[in-house]
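Asks: what shape does this take:
(4 chains, ligands or ions: 4)
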Amino acid sequence: MSDKGHPAPHKDYTGAKLGMWLFLYTEVLLFGGLFVLYAVYLHRYPQEFTTAAGQLNMYLGAANTVVLLTGSLLVALAVSAIRLGNSRLAQQLLWGGAVSGVLFLVNKYIEWSTEISHGIYPGSPVLAQRDQGESVFFGLYYLTLGLHGLHVLIGTIILATVAVMSAKGTINQNEFVVLENSGLYWHLVDLVWIFIFPLYYLLL
Amino acid sequence: MSAPPHAIVSYRTFIIIWVLLLLLTGVTVAVSRVHLGALNIWAALGIASLKSALVIFFFMHLKYERPIFKICLLTALVTLALFIGLTFFDVLYR
Amino acid sequence: MTQETTDPGSRGFLADGGKYPGLLGWIFSTDHKRIGLLYLYAVLSFFLVGVALGLIIRLELIAPGETIMSAQAYNALFTVHGVIMIFLFIIPGIPAIFGNIFLPIHIGANDVSFPRLNLFSWWLYMIAALIILASLFTGGGPPDTGWTFYVPFSAETTTNVPMAVFGVFILGFSSILTGINFVTTVHRLRAPGVNWGRLPLFIWSLYATAWVQILATPMLAITLVLLLAERLLGAGLFDPASGGDPIMFQHLFWIYSHPAVYIMILPGMGIVTEIIPVFARKPVFGYWAIAFSSIGIAAAGSLVWGHHMFVSGMSDMAVLVFSLLTFIVAIPSAIKVFNWVATLYKGSISLDPPMLFALSFIFLFCIGGLTGLILGSAATDVHVHDTAFVVGHFHYVMFGGTGFAFFGGLHYWLPKICGRMYNKRIATIAWGIMFAGFNILYFSMMILGLRGMPRRYYDYLPEYTDLNLVSTVGSWILAAGLLLMFVNLLRGARSGPPAGANPWGGLTLEWTLSSPPQAENFVNIPVVEHGPYDYDKVSPP
Amino acid sequence: MNPALISTTETVDRIFFYIFGISVVLLLAITAVMLWFVVKYHRTRQPRPQASPRSNLWLETAWTIIPTLIVLSMFWYGWQGYTTLRDVPEGALDVKVSGRKWSWSFTYPNGRISSILTVPVGQAIRLDITSEDVLHSFYIPAFRIKRDAVPGMHTYEWFVATEPGSYDAFCAEYCGVAHASMITTIEALPDKEFQDWYQQEFEHGEEEGKGRELLTKYGCTGCHSLDGSKMVGPTLLGLFGRQVTVTTDGVERKLIVDREYLIRAIVEPQSDITQGYAPMMPPYASLSAEELEEIVEYLEALR
Ligand code: HEA
Ligand code: HEA
Ligand code: CUA
Ligand SMILES: [Cu+2]
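Replies: Ligands and ions are numbered 1, 2, ... in the order given. I've put the predicted structure just below:
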């Protein structure tokens, strides 16, 4: 032990992962709150919700689903790659994952700017004219997707950081729990989207 | 004191899962275009749950983790389900 | 098994700042004991602020009419009092202070699983606390919504609600990180021999609490985000004019905030469960019943939030369900009470100050809990909801319960933390004064509530004058006792006689260490061979 | 008068007695046992503990099951009482209650509007409650009833006054500065007197005109006094022709109150904020032209 007595932080691989999973549960419940509201308001305004959902661009939503699923795949592959000792491949896969995040955000940007240009945003005068249920739908839509977008942004940054760490060798065949945990975070972002997509884009 | 990490998952498994996920995405879109009334939303949720199960068990390696991880996940999901469920005692009967 | 590697007069971890010198060695220390002490200082400071505000509230209520302040000032006062007491004192209180210091020691570990995360959560706590304090002096003035932040009022009042809400939001993360740390630590870092059946019951209660922190706190976070969206973006999700439902805000708020009351009480119950066997010299009665009732309270307690909303306009079906569930939660609490009392049976009881606090905890918590039953019953709650009766109820459980447990913990563990003993006689006197003052203060409020005096009233009808006066006098008595207690503890910590490694004759692992413990708790991770309460098998070190 | 009517007070009080009764017994029993143990097994008398079992399945099962039965009985009894509070008896008089910052107004079936709730003794009253702005809660301690007033929603409660007299009614849900003064009175009159009051209606209103009534209806008197005393808002007495200092778009200016100013102050109060007061008056843009005219006329005459 060091002279000043504090023990070096122990390397507890399972512990680190358990901690990450616990953190993911908090994320699940964070979005959970929004899904509670969604469920309640969908029950109250079924008609208005479908009308409103019909105005979203399903193709962009579907494209983003594919982008995120692919990103998830790349990151999952990266974990296996680093453990097989193929750090170069792992780095490439991680950058690929980060690119998928960027693509997603670009897509989102296009989507939102069209919607906002149509005057659809929380508290907008256009929405005030519409049925109450639609305004609630779009309120939830912007909050949920905004929060999710924020997570994508953070996830992208994390993936890039982890890619750099792998390049430097801080993350390697024996020390990969940081990569694995970052991957877990990225998959969570994907998971949330798996629910958002049908609930917001595919209501009929 | 590092515990032995779980087995390495093969690239092939991941790619198969990914293909399944894409297929299921196609299925949700297709199903949502068929009018089933209230069933639509449940179908969408069912497929989404299936997809997330694939992501959780394979991409996130839950399949290979110790039971405690699975118990914890179950706890979190049941909690969320109860939160929504109990809220509906108000919403449904108001 | 004693590990007194340092000589008795040594200041242990108190003198060992690790990498950094002086103050930096504290605020950048990842030593769980130092972080616990950082929390102690911070939490106690805010507690004193909150307590002072409580005293001013009572002063305003001493007589009807505007006594010492305007209505607006009063509204800000009880809001800030509530926010500080709930979010800055009682929720972080026991877990972040005693949990941080003793959880690793109790399970024979040298630190928590994520020491740096632990430090980070203290920093978050401080930043959030500063934001909350800043909200008092900036923007449109101190928030005036009550700690419950109900919409639509909180969405339209011009006071500085957003900043306070943002502060509370950050506090939520601090609390979540502590929870994650504790669950992981309990699962991963138990020393050899510390199986689940040898876990001190304090740790069981912290473990249950940590789960509630992890699973319920995000709900608070999202609720506050929604409130900010309501105010800053005009999202309209709770605004009836644009299709929202204000009652949904109450659901989301209480989904967190009711479980939060068990975040407050469970660690307090844990401390009491530690103290009683030590001073009765007896194994705790019904170990598993107490352990599982902690889990039971945490689980069932997450499902009763609707009892705050019986008159809110929620459906009658929901009233039925939530009332039933509320009564179910009372059962594990009752089990604990009976087990504590049974532990005393045939013991050898000494009434040292920690024990006095623990025993009075039982009495006060019973009053608080039993009045909770009045509140949980739908018909009676309609009458006393949002009256001084509720104020009485929650001060009994929070101050009489958690507060007294916290003070008991201070008296129990301060000799371990500082290595010095306070004056026990003065501590006993202070306890007596506080106990008397407390009951005068809050029992009067309960009667006022039964007679119909609503809460959050700065002015009241003349018929409520007498008991309000009594109550205010009670607050002065309580204040005197509290002052005496703190002065005594402070003097003891500074200049009391050395306490020795095991002043109370306890069997849990902290008593095997020197007082104060050294920076690295255990030179060799101990191998534990007996349970934490095996007074019938081994004698204390 | 319907003798079969069980009052809400009686119903709820019985449940109070039941729960309190059991609670007091339990509290005393627990405390007594605890004290007895402390005395009997105090270390001076009992230097070392005696052997005793660490758990006892029978005992522990008993003190799990018995409390369960007790609380279930409390729950059931409480729920029964609650259903009484929710089931409005036949033939109740329906009064609409509207809460706004910070006053109550009551609208009777015949259109009469009042700021005091006058009711006949012995007849059930059903209150149909809503709010114009934030949450309030209509609470009558004497009848043990309370229900939140929620904007955009109608809630209800009922009660019956068995004795003539006046009872207090409070606002129990925090609603801002004057929450504590959102108090009104229930006047319970014998049936005949009530009928007199109920019919006399418009005679009384004649000399003051409709303006006075509108001030009650729209809750102006919740914030403004008519007698010169200061409340949350400035008094309306002698307002017309007074010189006031107001802030308009951040600029302070002085002016003499005239018709035009009055109308603006009511319809868009945010535009000029009177010195010394907070900008909390809600805009009354939905007033009809006649109503506005009535109010302004009334204010002009109020000196
Ligand atoms: C430490 C915090 C704490 C704790 C532990 C509790 C514990 C309980 N509380 Fe309390 N409560 C609060 C803090 C707490 N509460 C706060 C802060 C508020 C107000 C919030 C606000 O509006 O600002 C509140 C409000 C509140 C309400 C809403 C009142 C209203 O606004 O209308 C209700 C209603 O059911 C309630 C019920 C209960 C119950 C049934 C318990 C139970 O857990 C109690 C269980 C304990 C016992 C039952 C006693 C011990 C057992 C025995 C003596 C054995 C014998 C017992 C039996 C046979 C049953 N509480
Ligand atoms: C843990 C929680 C906690 C604690 C400990 C307290 C402590 C006190 N509270 Fe608290 N209170 C709340 C939590 C708490 N409160 C909450 C959540 C609310 C609801 C807010 C809302 O409605 O939104 C509330 C509301 C509330 C009200 C109701 C306001 C209203 O509805 O109108 C009142 C009224 O009397 C009150 C009074 C007091 C008093 C007199 C104390 C006292 O205990 C204080 C007594 C002690 C002292 C005064 C000690 C003074 C000593 C010193 C200053 C010592 C100096 C020391 C050294 C130098 C070392 N509180
Ligand atoms: Cu209206 Cu309080
Ligand atoms: Cu509660």
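Asks: so the spatially closest residue to residue A:126 that is not a sequence neighbour versus residue A:127, what's the distance?
Replies: For residue A:126, ignoring the flanking residues on the chain, the nearest one in space by Cβ to Cβ, 6 or more residues apart in numbering or on different chains is residue A:119 at 3.5 Å. Just so you know, the C-beta spots here come from the backbone N, C-alpha and C atoms, and that holds for glycine as well. Relative to residue A:127, residue A:119 is positioned 8 Å away (Cβ to Cβ, to the nearest Å).
Asks: re the thing from before, contacting residues for the residue nearest to residue A:126?
Replies: A:125-127 (Cβ atoms under 8 Å, 6 or more residues apart in numbering or on different chains).
Asks: per-residue confidence for it?
Replies: On pLDDT, residue A:119 comes in at 83.
Asks: now residue C:420
Replies: So residue C:420 comes in at 90 (pLDDT).
Asks: and the residue of chain B found nearest ligand 1, what helix or strand is that in?
Replies: As assessed by Cβ to the nearest ligand atom, ligand 1 sits closest to residue B:86 within chain B, at 14.7 Å. Assigned by DSSP states H and E, residue B:86 belongs to helix B:67-93.
Asks: next: residue C:285.
Replies: Here residue C:285 is covered by no helix or strand, with elements defined by DSSP H and E.
Asks: can you give me the helices for chain A?
Replies: In chain A, the helices defined using DSSP state H lie at A:13-44, A:46-54, A:58-83, A:87-117, A:125-129, A:132-168, A:177-196.
Asks: so for residue C:282, which of those sits nearest?
Replies: Evaluated over these, closeness to residue C:282 peaks at helix A:13-44, with 35.2 Å, by Cβ to Cβ.
Asks: is any residue of the closest one near chain D?
Replies: No - Helix A:13-44 does not reach chain D (Cβ under 8 Å from any Cβ of the partner chain); its nearest approach is 12.3 Å.
Asks: tell me the mean pLDDT over that helix?
Replies: Per-residue pLDDT over helix A:13-44 has a mean of 93.
Asks: elements contacting that helix?
Replies: Contacts defined by 3 or more Cβ pairs under 8 Å, 6 or more residues apart in numbering or on different chains; DSSP states H and E place helix A:13-44 against helix A:132-168, helix A:177-196, helix B:67-93, helix C:161-188, helix C:201-228, helix C:246-280.
Asks: circling back to that earlier point, so how far is chain D from the residue of chain B closest to ligand 1?
Replies: Residue B:86 sits 16 Å away from chain D, going by Cβ to the nearest Cβ, to the nearest Å.
Asks: strands along the stretch 1-150 of chain D, start to end?
Replies: Along the stretch 1-150 of chain D, the segments classed as strands by DSSP state E, counting those that start in this stretch run D:93-100, D:103-107, D:113-114, D:117-120, D:124-131, D:136-140, D:145-149.
Asks: rewinding a little: ok, the contacts of residue A:119 vs ligand 1, which is closest?
Replies: The nearest one, if we look at the contacts of residue A:119 relative to ligand 1 and count by Cβ to the nearest ligand atom, is residue A:127, at 33.7 Å.
Asks: so what's the closest one closest to, chain neighbours aside?
Replies: residue A:135 (4.3 Å).
Asks: which residues sit in contact with whichever residue of chain A sits closest to chain D?
Replies: Relative to chain D, the nearest point of chain A is residue A:132 (9.7 Å; Cβ to the nearest Cβ). Applying Cβ under 8 Å, 6+ apart, we find residue A:132 in contact with A:45, A:48, C:242-243.
Asks: would you format these as a markdown table with distance to ligand 1 and neighbour count included?
Replies: Below are the contacts of residue A:132 laid out as a markdown table (distance: Cβ to the nearest ligand atom, whole Å; neighbours: other Cβ atoms under 10 Å in any protein chain shown):
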| residue | distance to ligand 1 | neighbour count |
| --- | --- | --- |
| A:45 | 30 | 20 |
| A:48 | 34 | 20 |
| C:242 | 27 | 22 |
| C:243 | 27 | 24 |
